[in-house]
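Chemist: No sequence on hand, only this structure:
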């Protein structure tokens with residue numbers, strides 16, 4: 001049982017490691033509205049082709065994106081729509097953290113003003 005638990009933890013760690021790059025996150029967010037070609041992703045993200053292709057290769061190797069060929073174009077899409085829910089949930093968590101941080105900053109500012 002410990003080995004199974006360990007295998008699951010390794011799988012999860014690998015999954016999150018694949019997400020642990022800002023360009024890969026941006027690509028997945030862009031794919032949230034539908035499949036895109038490398039060229040369309042380049043334009044949307046303002047990045048060069050080698051950068052986009054390299055990060056897509058990582059996402060593909062980790063089975064986070066799939067490809068379909070249409071004529072001479074290759075379209076990339078997320079393999080599971082729940083990835084977008086995960087990214088949106090992360091955004092909510094980060095927003096909550098920022099709200100807490102802003103509240104602390106406001107309290108510190110008020111405390112400093114009272115001390116002056």
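Modeler: Great, that's in hand. For clarity, every value in this text was computed on a predicted model and none was experimentally measured.

Chemist: average pLDDT for stretch 56-75?
Modeler: For stretch 56-75, mean pLDDT rounds to 95.

Chemist: How about residues contacting that stretch?
Modeler: 14-15, 18-19, 21, 24, 27-28, 31, 35-38, 41, 76-80, 83 (C-beta atoms under 8 Å, 6 or more residues apart in numbering). Heads up, the C-betas are built off the backbone N, CA and C, glycines and all.

Chemist: Name the nearest residue to the residue positioned nearest the centre of the chain, ignoring sequence neighbours.
Modeler: When C-alpha atoms, centre = their mean is applied to the chain, the residue found nearest the centroid is residue 25 (2.6 Å). Leaving aside its chain neighbours, residue 25 sits nearest to residue 19 (6.3 Å; criterion: C-beta to C-beta, 6 or more residues apart in numbering).

Chemist: and that neighbour, what is it in contact with?
Modeler: 25, 28, 64.

Chemist: Residue 89 - how many residues pack around it?
Modeler: 11 (other C-beta atoms under 10 Å).

Chemist: re earlier: correct me if wrong, but the residue nearest to the centre of the chain is in a strand.
Modeler: No. Under DSSP: H, G, I helix; E, B strand; the rest coil, residue 25 sits outside any strand and is assigned helix.

Chemist: how near is it to residue 105?
Modeler: Residue 25 is 26 Å from residue 105, where distance means C-beta to C-beta, to the nearest Å.

Chemist: again with residue 31
Modeler: Relative to residue 105, and taking C-beta to C-beta, residue 31 is found at 35 Å.
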